[in-house]
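>>> model this:
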Amino acid sequence: MTILEADRVAQILKSDRRYNRLRREIEAGTADDPGSDGPAALSRKIVQDAITMAGSGGKTRPVRRVADECALDRFYNRANTTLTPQQYGAGLKFRRAWLCSARRARVTQTYDTQEIERGDLVASEVALNAREVVTAALESLSAPQRRAVVAVCGEDERVGLRAKTLCLGLERLHEFWRKK
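Take a look at the predicted model:
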């Protein structure tokens, strides 16, 4: 039994050394980062980019990243999705307006004239316009559609059982913004 235990410990140490060597090579820029290869990575859309590492003299390296930023992205990139590109675009437009409207205005007053001339005080006006866009969009939806769109696009909750309601709401939003 002690021989089996010693073999198991030796295997663990050997794999730990391999892992640490690969980690050091990735950090040094001599090896590419393979990313996650598990089932979760396979079910999500993977984007390959070329980035420039600091101190590498402008040399680029390929990296992989997951393209999903929110629940709407995950729903759109699913293999069995019912979301059309127009509905997805309407959902992203609502999400941008929702996030912009949720920003808080400055609490303190600025006395710097350069900030006023640069237009930094316009941020509260942008948030106000975004609130108007969100309000108009929500008024065009029914109550269940409103709850689904706000939950998934605004609050970034999982789609769950409201996929059909969400698709109908996003289709209505697409039609609403197309008419404008």
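
>>> Every contact and neighbour count from this point should use C-alpha atoms.
OK.

>>> How confident was the prediction at the spatially most central residue of the chain?
With distances taken as CA atoms, centre = their mean, the residue of the chain nearest its centroid is Glu69 (1.1 Å). On pLDDT, Glu69 comes in at 75.

>>> what residue ranges in the chain score low on pLDDT?
For the chain, applying pLDDT under 70 flags the ranges 1-3, 26-27, 29, 31-47, 53-55, 64-67, 103-123.

>>> hmm, try it at 90
For the chain, the stretches with pLDDT under 90 are 1-82, 99-130, 155-162, 179-180.

>>> Going by residue numbers, what spans are strands in it?
46-52, 60-66 (DSSP state E).

>>> Compute the number of surrounding residues for the nearest residue to Ala102 once chain neighbours are set aside.
The shortest distance from Ala102 to any non-neighbouring residue, by CA to CA, 6 or more residues apart in numbering, is to Ala127 (7.3 Å). Residues lying near Ala127 (other CA atoms under 10 Å) number 20.

>>> Could you check how far Ala127 is from Val133?
With distances taken as CA to CA, to the nearest Å, Ala127 is found 10 Å from Val133.

>>> pretty sure Arg158 is touching Val152, no?
Yes: between Arg158 and Val152 there is a contact under CA atoms under 8 Å: 6.2 Å.

>>> Which one's more surrounded, those two?
Neighbour count, other CA under 10 Å: between Arg158 and Val152, Val152 has more, with 22 against 17.

>>> end-to-end on stretch 50-57?
14 Å.

>>> Next, the buried residues of the helix ranked longest in the chain.
Ordering each helix of the chain by length in residues (DSSP state H) puts helix 2-28 first. For helix 2-28, the neighbour count (16 or more other CA atoms under 10 Å) marks Leu22 as buried.

>>> for that helix, the distance to its chain's centre please.
34 Å (CA atoms, centre = their mean, to the nearest Å).

>>> now swap in stretch 88-98 and tell me
The chain centroid and the centroid of stretch 88-98 are separated by 13 Å, computed with CA atoms, centre = their mean.
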